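Trainee: A structural model of the following input is requested.
(one chain, ligands or ions: 1)
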Amino acid sequence: MDDWIDYYDSTHTIYVSKAHRDAHFRLIANDIARFIPDPDAVVLDYSCGEALFATQVAAACGHLILAEPAPGVRGRLSSRFKAEPKIEVLALDALKEKANASIDLAVMISVAQYMTPAELDDALVMIRRLLKPGGTFVLGDILRPNVGAPTDVMALLRFGARHGFFKDAVIGIMRTALSDYWQLRQRVGLQRYSEAQVIGKLANAGLVGTLAPVNVGHNPARMTFVARTP
Ligand SMILES: C[S@@+](CC[C@H](N)C(=O)[O-])C[C@H]1O[C@@H](n2cnc3c(N)ncnc32)[C@H](O)[C@@H]1O
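Mentor: Below is the predicted model of the structure:
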């Protein structure tokens, strides 16, 4: 396993059970839907993962682009949503073909930590190009520099307790500790950014970002930024 895209394309154990996976993707879909500006909006979910509840997001907007780099995940998205006229599944590279100023809302949730800083910069420039004037970009689940794995573990246990998978979360955390995840986390690492660094990166791409009061998803120790074209 060479990188995080390979990891997400493998039979990984990041979701400890079906209940966890469902609770996670339902929460993310609800959080994305909160940012949709109007029912005709064109929405881009950049590195969407399995996006199990994308139908709910699509119901609240005009068109939903699910962009995903992992080929196996993308294949499942294509078959899962083939009967959904509002959902388009694309590889990240295919976003280069999309017209300037064609998207109202772009979201990138729990992805920046897996990208190199240069990959993130390139993605931000592309998202800036795709956003319509007045469009919104939500950059979520950013890891802070000084918050380590124990905080993630506690957040997952609390999420499990709230959604009925606490026992599976305990077992899953132990299984993940022995899995490819930790080897990759130690070898390739996860990128962490301070609030000022993220706002600086957004500004370099031509976006004005602010820290949102709450993070998207289940982990309150991580940060979400809402950015707009100036
Ligand atoms: C934790 S999942 C997040 C999925 C979804 N956004 C969510 O919030 O549930 C991480 C996602 O990042 C993608 N990813 C991993 N490395 C990446 C990279 N270098 N560039 C772009 N996406 C990457 C994976 O394929 C996966 O879809």
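Trainee: Please make it C-alpha for all contacts and neighbour counts, starting now.
Mentor: OK.
Trainee: From what I see, Phe225 and Ala112 are in contact.
Mentor: No: here Phe225 does not reach Ala112: they are 11.9 Å apart, not a contact under CA atoms under 8 Å.
Trainee: residues in contact with the lowest-mean-pLDDT helix or strand in the chain?
Mentor: Every helix and strand in the chain was compared by mean pLDDT, DSSP states H and E; the lowest is helix 180-187, with a mean of 86. Residues outside helix 180-187 that contact it (CA atoms under 8 Å, 6 or more residues apart in numbering): Met1, Asp3, Trp4, Tyr7, His12, Thr176.
Trainee: Among those, which are located in helices?
Mentor: Trp4, Tyr7, Thr176 (DSSP state H).
Trainee: Show me the subset of the residues you listed that also lies near the ligand.
Mentor: Under the cut-off given by CA under 6 Å from any ligand atom, the ligand has Trp4 from the ones in helices among the contacts of helix 180-187 close to it.
Trainee: neighbour-wise, which of the ones in helices among the contacts of helix 180-187 leads?
Mentor: In terms of neighbour count, Trp4 stands highest of the ones in helices among the contacts of helix 180-187 at 20 neighbours, by other CA atoms under 10 Å.
Trainee: The ligand contacts on this protein?
Mentor: Within the chain, the residues that sit near the ligand (CA under 6 Å from any ligand atom) are 4-5, 8, 25, 47-49, 68-70, 109-111, 114-115.
Trainee: Do you know the pLDDT at the nearest residue to Ala112 once chain neighbours are set aside?
Mentor: Spatial nearest neighbour of Ala112, excluding adjacent residues (CA to CA, 6 or more residues apart in numbering): Leu120 at 6.3 Å. Model confidence at Leu120, given as pLDDT, is 98.
Trainee: Make 20 the starting number, not 1.
Mentor: Happy to do that; since the first residue is 20 now, the last one works out to Leu139.
Trainee: Contacts only, for the residue nearest the centre of the chain.
Mentor: Closest to where the C-alpha atoms of the chain average out (CA atoms, centre = their mean) is Ile128, at 2.3 Å. Neighbouring residues of Ile128 by CA under 8 Å, 6+ apart: Tyr65, Ser66, Cys67, Val157, Leu158, Gly159, Asp160, Val235.
Trainee: tell me which element the residue nearest to Ala131 falls in.
Mentor: helix 136-149 (DSSP states H and E).
Trainee: List the neighbouring strands of the next helix or strand along the chain from that helix plus their orientation.
Mentor: Next helix or strand after helix 136-149 toward the C-terminus (DSSP H and E): strand 150-161. Partner strands and pairing direction for strand 150-161 (DSSP bridges) are strand 122-128 (parallel), strand 242-247 (antiparallel).
Trainee: Among the residues of the chain next to the ligand, find me the one that's closest to Ala78.
Mentor: Each of the residues of the chain next to the ligand was checked against Ala78 using CA to CA; the closest is Phe44, at 15.3 Å.
Trainee: wait, what's in contact with that closest one?
Mentor: So Phe44 contacts Glu69, Ala70, Leu71, Phe72 (CA under 8 Å, 6+ apart).
Trainee: could I get those residues as TSV with pLDDT, neighbour count and secondary structure?
Mentor: Formatted as TSV, those follow (pLDDT from 0 to 100; neighbours: other CA atoms under 10 Å; DSSP: H, G, I helix; E, B strand; the rest coil):
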residue	pLDDT	neighbour count	secondary structure
Glu69	98	17	coil
Ala70	98	22	coil
Leu71	98	19	coil
Phe72	98	17	coil
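Trainee: Need the max-distance pair from these.
Mentor: Glu69 and Phe72 (8.7 Å).
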